[in-house]
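K.L.:
structure, please.
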Amino acid sequence: MVELKTDTSIDAMYEAGQVVAQALTAVRKAARVGVSLLELDEVARGVLRDADATSPFLGYRPSFAPTPFPAVICASVNDAIVHGIPTHDRLRDGDLVSIDCGAELGGWAGDSAISFVVGEQRPADVRLIEAAERALAAGIEAAVVGNRTGDIAHAIGKVCREAGYGIPQGFGGHGVGRRMHEDPDVPNEGRPGRGFPLRHGMVVAIEPMLIGSGRDGYHEAADGWTLRTNDGSRAAHVEHTVAITRSGPRVLTERLP
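P.N.:
Okay, the predicted model is just below:
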């Protein structure tokens, strides 16, 4: 069931979304060569703690997971697409890092992700991340009253495919509200005019995931959480929580300067 939020509820969700934005900004600032993924998780925990917010990631255990998730961020490096578990592994020069973070505040959730390179950037990685950001922007632009989830999916998929990148099938965005994952599903590829109709008060997470080689294949790592590319190519993941309103899409996790 899709819950339509009131304007007051969307304002409250913006507050949760801003905690997520602050956490991602702090993690990005702390991410340097030699810093461990667990240290980045501690940075995000500190932001949540200071905001009196909790993590929807910590202890989360969907049906596919063998164990509850042990951290407040997903830290996916290089060939890891999404759901990477933070470890003692330290960042190396040139690593492509995707950080996904959520927050719950006042009974509402926010969810967002960023991708970046630590140290010296490879041109191929820069192009991959830029394409992911363009796909996210296209998906947000399509998130308007009167469209359908398929219009968002089509907008994302068109950018990804035209840029020559792969898309991991079966993974994409979702509704957000009282819980981090709600109806409806928001795929990263689809046909326009199909899917659930977008109405004022819907809030969704739009999250393109791109595979650098152009192939779609992926597999689940031994930890039961991390998804990795089959061919070892690098991946990028970006995400925003977006409210659909009569005046247009409102990005609730926008990172302010």
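
K.L.:
for Arg234, what are its contacts?
P.N.:
Shown in contact with Arg234 (CB atoms under 8 Å, 6 or more residues apart in numbering): 78-79, 96, 124-125, 128, 212. C-beta: built from backbone N, CA, C; applies to glycine.

K.L.:
quick one: pLDDT of it?
P.N.:
At Arg234, the model reports a pLDDT of 98.

K.L.:
how much space separates it from Asn78?
P.N.:
Note on Arg234: its distance to Asn78, by CB to CB, to the nearest Å, is 5 Å.

K.L.:
mutual contacts of these two, please.
P.N.:
Leu96.

K.L.:
dump the contacts of Arg234 to CSV, plus neighbour count, pLDDT and distance to Glu162.
P.N.:
Listed next are the contacts of Arg234 as CSV, based on neighbours: other CB atoms under 10 Å; pLDDT from 0 to 100; distance: CB to CB, whole Å:
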residue, neighbour count, pLDDT, distance to Glu162
Asn78, 19, 98, 24
Asp79, 21, 98, 23
Leu96, 24, 98, 21
Ala124, 12, 98, 17
Asp125, 20, 98, 19
Leu128, 24, 98, 14
Gly212, 24, 98, 15
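
K.L.:
inside strands: which ones of the residues you listed?
P.N.:
Among these, the members found in strands (DSSP state E) are Leu96.

K.L.:
ok, the contacts of Arg234 vs Glu220, which is closest?
P.N.:
Asp79 (12.9 Å; CB to CB).

K.L.:
let me see the contact set for that closest one.
P.N.:
228-229, 232-235.

K.L.:
give me the subset of these lying in strands.
P.N.:
228-229, 235.

K.L.:
before we move on, the earlier item: and the furthest pair within the contacts of Arg234?
P.N.:
Largest separation among those by CB to CB: Asp79 and Ala124, giving 13.3 Å.

K.L.:
most neighbours, which of the contacts of Asp79?
P.N.:
Using other CB atoms under 10 Å as the neighbour criterion, Ala235 leads these with 28 neighbours.

K.L.:
what pairs with that one across the strands?
P.N.:
Ile211 (DSSP bridges).

K.L.:
isn't it right up against Pro208?
P.N.:
No: using CB atoms under 8 Å, Ala235 makes no contact with Pro208, being 10.6 Å away.

K.L.:
strands of the stretch 1-150 of the chain, start to end?
P.N.:
Using DSSP state E, counting those that start in this stretch, the strands of the stretch 1-150 of the chain run over 73-77, 80-82, 96-105, 108-117.

K.L.:
show me what the third one is packed against.
P.N.:
For strand 96-105, the elements it packs on are helix 7-30, helix 37-50, strand 73-77, strand 80-82, strand 108-117, helix 123-141, strand 235-237, judged by 3 or more CB pairs under 8 Å, 6 or more residues apart in numbering; DSSP states H and E.

K.L.:
in a markdown table, list those along with distance to Phe64.
P.N.:
Below are the helices and strands packed on strand 96-105 laid out as a markdown table (distance: least, CB to CB, whole Å):
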| stretch | distance to Phe64 |
| --- | --- |
| helix 7-30 | 23 |
| helix 37-50 | 22 |
| strand 73-77 | 14 |
| strand 80-82 | 12 |
| strand 108-117 | 18 |
| helix 123-141 | 24 |
| strand 235-237 | 18 |
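
K.L.:
most tightly surrounded among those?
P.N.:
strand 235-237 (a mean of 28; mean count of other CB atoms under 10 Å).

K.L.:
ok, and what's touching that one?
P.N.:
Counting by CB under 8 Å, 6+ apart, 76, 78-82, 96, 98, 100, 113, 115, 125, 128-129, 131-132, 168, 207-212, 229 sit against strand 235-237.
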